[in-house]
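Sharing a model prediction with you, sequence too.
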Amino acid sequence: MTRELTQFTINGVTSGYWHVSFSNPPINLQDPDTILELQELVGMFETDDALRVVVLESADPSFFINHYDVSRAAETPVAPGPTGLPTFIDTTMRLATTSVVTIAKIRGRNRGGGSEAALAFDLRFASREKAVFGQPEVGAGMFPGGGALERLPLLVGRARALEIILGSDDFDADTAALYGWINRALPDDQLDDFVDTLARRIASFDKPALAEAKRLVNRRTLPQAEDLVETQDSFLDAFTWPTLQERGARLRARAAEVGPEFELQFGHYLVDLGDQ
Amino acid sequence: MTRELTQFTINGVTSGYWHVSFSNPPINLQDPDTILELQELVGMFETDDALRVVVLESADPSFFINHYDVSRAAETPVAPGPTGLPTFIDTTMRLATTSVVTIAKIRGRNRGGGSEAALAFDLRFASREKAVFGQPEVGAGMFPGGGALERLPLLVGRARALEIILGSDDFDADTAALYGWINRALPDDQLDDFVDTLARRIASFDKPALAEAKRLVNRRTLPQAEDLVETQDSFLDAFTWPTLQERGARLRARAAEVGPEFELQFGHYLVDLGDQ
Amino acid sequence: MTRELTQFTINGVTSGYWHVSFSNPPINLQDPDTILELQELVGMFETDDALRVVVLESADPSFFINHYDVSRAAETPVAPGPTGLPTFIDTTMRLATTSVVTIAKIRGRNRGGGSEAALAFDLRFASREKAVFGQPEVGAGMFPGGGALERLPLLVGRARALEIILGSDDFDADTAALYGWINRALPDDQLDDFVDTLARRIASFDKPALAEAKRLVNRRTLPQAEDLVETQDSFLDAFTWPTLQERGARLRARAAEVGPEFELQFGHYLVDLGDQ
């Protein structure tokens, strides 16, 4: 029943500490397969009694988990998982409730659905020089469908969540840390050591202590499942909006015109796509 | 039925983007008319289909919206608005729920009820050199009556909200940004460009996307209307407190003694007004 | 019925402003007596009509209130207080609801149960050079039992609360201020003046204004009593865990081996205590 993982590679540093690397060339888009594989991964976390901590990193220095591949939106998996919730919601809620501690170590662009995946991890540490964050959905004619609308306000407050979401622009790691979007921004040459030291530390602790502490924190800090479901339903419905279809066409035209630079500066190129 | 606006001037930069300037000489007090005009303004935001973003600024470099004119507290409008809530609460709740994105661009003093008006806007950007924030009500013998008790803890947490409210002192923009009271403090000579760029960006986006994103964020991030009503009732009742009447007399005597400097350094002059 | 205070010394600076100094040599552990005395103190705050503000400091420059003395965990007082809640929960909830404003002025280590006591104060100001914060319980095989699991997420958000609690490491005051764990970090030579000025200011304000403002802020900002009770019950039960007993033995062996430096660098010495 388990799915072969092709986008995620697991390197068990020790039995209690896994490194997971994400790779989906050419630009590390989050696609329907990413969601299904991430769900498989969470199942592995839940059933490995020795595992205490997982660090997720990207194989591509320019992109962490990138935004959703909207060309495949129709394939978005929605089959209920073990929680009874649709696939991606099931996955992110189980990331929160597994007793394994999950850490996203972020270099490169981390936008849209990929940012929402990172938001479902317990801790986020990012490279000051190389990480870029964004929820560009509104600028692309839709809105975040996978948890940013629920998790960002809990971390950064309403005003900054609205700035991020309604402004749809790119943010550097220092601003993300000031806002609380990530735990810390670290100089790129210190990031690996910092996260590795923290992960080894946590891996040396007792599972019952980690599990009970995380369970008790979770009582009042998680988004409501019903909100996540309402948002996803509305998000999938938005693909029928005429405004989205028109803007999407203009966005694809601009992307073709600009070339690879488009994805590197996504936030920048979203402005003034309205009818001319 | 619509009220002529005398304190607010609307300059439509484009059909989707309005600049609104506030002016109520000599020191930009928030008074009963300010509340009624602000309520009118919100009605205009709600009914203009082309409008996407509004930037509020002050015509007076020394004062943004200043504190409430307590000499006119008895005139405070409380007639239920379209939401069924009293005037100012109706206004601030509708600022939150309108699909138009509202931005306060703050230079000068922004205290008391004027700070509470700014807190009802979606985003707040302020001049590092020229903005001053304060909730001086407790130092003046009463307490914030128009939303600071509800909105500040959501933005800055209980401890910093209590520091701001119980300490009743002035805060500079950098501290306000560190606390999350405002989105960002910017160098004064960059503030106009930063806010204008963000507003033009948002104005270029689709209304359905902006509206649905804001609606979904609003589900769990707004204060409870019943709390705002309880606070306003208690606030209006406080004007009968003997301690407030005594302190108010001493405050007015000190203001007369100090002159115009009093309003510039309001926080500073509140201390040691107790009976000598 | 009142208990003689031996660990806390009250110096009434004025009738409205008390300085309270904590001393429990040799390393200022929080022990069962500390909890009972703190409960007595809160009762004094509640019944003194003139009192407006209390500043708590430590007599020991190296330790503020230190972690709990787990060797005396079996003696932990749990008799219901006036709120009907167990002793420490009764005490911390009454610290939040008393109309007296409580300020923790922190120098030295403030970890574990002592950090949880500080978290129950209204405001926290700390020395940039001399304060150290930690919730080291998970690293010691258990988890915070006295409020950190409930109060930290409200102040710093879920991700940073999990970093603090699951990482169990020491934090400096600047990081604590960035996260919102404390109100501000101040240079050590400015801390006393800053806190004294704020306390004298608050002491000059009217009690009805302070009390009503604090009451209204408290409506939505306090942890749930039922959560605090569930956590304490689980915490006291954890002392029967075999994993805790084994790790506790290794922790005591390492402490004996390292000597006094162990308590100064508690966070550092918790790593790699697992079975070798």
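Cool, the structure landed.

Am I right that A:Leu85 sits in a strand?
No: using DSSP: H, G, I helix; E, B strand; the rest coil, the secondary structure at A:Leu85 is coil, not a strand.

dump the residue contacts of it.
A:93, A:225, A:228-229 (CB atoms under 8 Å, 6 or more residues apart in numbering or on different chains). Backbone N, C-alpha and C define where each C-beta goes, glycine included.

Let me see the ranges of the helices in the stretch 101-250 of chain A.
Here the stretch 101-250 of chain A has its helices, by DSSP state H, counting those that start in this stretch, at A:112-119, A:148-167, A:173-179, A:188-203, A:207-218, A:225-238, A:242-258.

re earlier: and the contacts of A:Leu85 as TSV, adding distance to chain B, neighbour count and pLDDT?
As requested, the contacts of A:Leu85 are exported to TSV (distance: CB to the nearest CB, whole Å; neighbours: other CB atoms under 10 Å in any protein chain shown; pLDDT from 0 to 100):
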residue	distance to chain B	neighbour count	pLDDT
A:Met93	16	22	98
A:Ala225	13	17	98
A:Leu228	10	24	98
A:Val229	12	13	98
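
With respect to C:Ala117, which of those is nearest?
For these, the minimum distance to C:Ala117 (CB to CB) is 33.8 Å, reached by A:Met93.

is it true that that closest one lies in a helix?
Yes: under three-state DSSP, A:Met93 sits within a helix.

and the gap between it and A:Asn24?
23 Å (CB to CB, to the nearest Å).

do A:Arg184 as well
A:Arg184 sits 26 Å away from A:Asn24, going by CB to CB.

cool, and A:Val42?
Counting by CB to CB, the gap from A:Val42 to A:Asn24 is 18 Å.

Repeat that for A:Phe63.
Separation of A:Phe63 from A:Asn24 (CB to CB): 9 Å.

more neighbours, these two?
Using other CB atoms under 10 Å in any protein chain shown, the more surrounded residue of A:Phe63 and A:Asn24 is A:Phe63, with 26 against 23.

For the residue nearest to that one when sequence neighbours are not counted, what is the enclosing helix or strand?
Leaving aside its sequence neighbours, A:Phe63 sits nearest to A:Asn28 (CB to CB, 6 or more residues apart in numbering or on different chains; 3.8 Å). Using DSSP states H and E, A:Asn28 sits in no helix or strand.

Ramachandran coordinates for A:Asn28?
Dihedral angles of A:Asn28 (phi, psi; degrees, to the nearest 10) stand at phi 50, psi 40.

Please list all residues in contact with it.
A:Asn28 makes contact with A:22, A:58, A:60, A:63-66, A:108, A:114, according to CB under 8 Å, 6+ apart.

of these, closest to chain B?
A:Gly114 (18.0 Å; CB to the nearest CB).

thinking again about what came up before, give me the pLDDT value at the residue nearest to A:Phe63.
What the model reports as pLDDT for A:Asn28 is 98.

From C:Asn183, how far out is it?
Going from A:Asn28 to C:Asn183 by CB to CB gives 40 Å.

interface residues of the stretch 101-250 of chain A facing chain B?
A:137-139, A:141-144, A:149-150, A:153, A:156-163, A:165-169, A:178, A:223-224, A:227, A:230-231, A:234, A:238, A:241, A:243-244, A:247 (CB under 8 Å from any CB of the partner chain).

Try it again at 7 Å.
Residues of the stretch 101-250 of chain A lying close to chain B by CB under 7 Å from any CB of the partner chain are A:138-139, A:141-143, A:149, A:153, A:157-163, A:165-167, A:227, A:231, A:234, A:241, A:243, A:247.

List only buried entries from those residues.
Among these, those buried by neighbour count (16 or more other CB atoms under 10 Å in any protein chain shown) are A:138-139, A:141-143, A:149, A:153, A:157-163, A:165-167, A:227, A:231, A:234, A:241, A:243, A:247.

Now do stretch A:108-115: distance from first to last residue.
11 Å (CA to CA, to the nearest Å).

Pull the residues that contact that stretch.
Here stretch A:108-115 makes contact (CB atoms under 7 Å, 6 or more residues apart in numbering or on different chains) with A:30, A:58, A:60-68, A:118, A:130-137, A:146, A:148, A:266.
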